[in-house]
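>>> Okay, here's the prediction I keep looking at, along with the sequence it came from:
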Amino acid sequence: MDLNSAIIGIVLIIISVLPFIILSNNRKKRTKETIQQLTRLANDQQSTIHDYEIGTNFIIGIDNEKKSVFFIQKIGKEENSKVINLNDFHTFTLVKNERTIGDKKNNYTVIERLALTFAPASASTLDHELEFYDSNKTVQPSGELQSIEKWAQLIKEHYKQAKVKVAN
């Protein structure tokens, strides 16, 4: 009787823990695939990723030597990838669109959109934008504000080294 209880207990523990192990393994696999995808994008440009960050629906990386930023955004089945050579752009701006909701007593601010916009050095090139968050595409921000501030600072440092104008 004790052996049967022990076996049943072990089986129940395994059944309880197994979904968490599977979810963890799937998350690690997706993370690894995303990093490989960013690395392939950089390799296509003969670049190397020196620093990267994975967000809720994006991954961003930078090649410090070639001054290039790599960005891949996935929302649902839609995927966008962009390569920004910082030498081709003379300014960048952190775009933070917000609106205030509430009455006179209780106001709070809602972030609607976060992006980095790069203005080209030549008139023949269009502006480029890396969209970190859009309330029309994603329900609520999940660390995107901290990510965009971090990357704006990293990119600002590259521009300072090159003595290029940074818009604030």
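Good, I have the coordinates.
>>> and N80, which of the three is it?
What DSSP: H, G, I helix; E, B strand; the rest coil gives for N80 is strand.
>>> Can you get me a residue count around it?
A count of nearby residues for N80, using other CB atoms under 10 Å, gives 12. For glycine as for every other residue, the C-beta is placed from the backbone atoms N, C-alpha and C.
>>> same question, R113
Neighbour tally, R113, other CB under 10 Å: 17.
>>> check which helix or strand covers L114.
L114 is part of strand 107-120 when elements are defined by DSSP states H and E.
>>> Now do that strand: which elements does it pack against?
strand 89-102, strand 128-134, helix 144-162 (3 or more CB pairs under 8 Å, 6 or more residues apart in numbering; DSSP states H and E).
>>> which of these sits most buried?
strand 128-134 (a mean of 21; mean count of other CB atoms under 10 Å).
>>> Starting from that one, tell me which strands it pairs with and how they run.
strand 107-120 (antiparallel) (DSSP bridges).
>>> what helices or strands is the longest helix along the chain leaning on?
Assignment by DSSP state H gives helix 2-44 as the longest helix of the chain. Judged by 3+ CB pairs under 8 Å, 6+ apart, helix 2-44 is in contact with strand 51-54, strand 58-63, strand 68-75.
>>> Just put those strands in a markdown table and tack on distance to I101 and mean pLDDT.
Output for the helices and strands packed on helix 2-44, formatted as a markdown table (distance: least, CB to CB, whole Å; pLDDT from 0 to 100):
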| stretch | distance to I101 | mean pLDDT |
| --- | --- | --- |
| strand 51-54 | 29 | 92 |
| strand 58-63 | 26 | 93 |
| strand 68-75 | 24 | 91 |
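>>> Among these, which comes closest to T34?
strand 58-63 (5.2 Å; CB to CB).
>>> Tell me how far that closest one lies from the chain's centre.
Between the centre of strand 58-63 and the centre of its chain there are 7 Å (CA atoms, centre = their mean, to the nearest Å).
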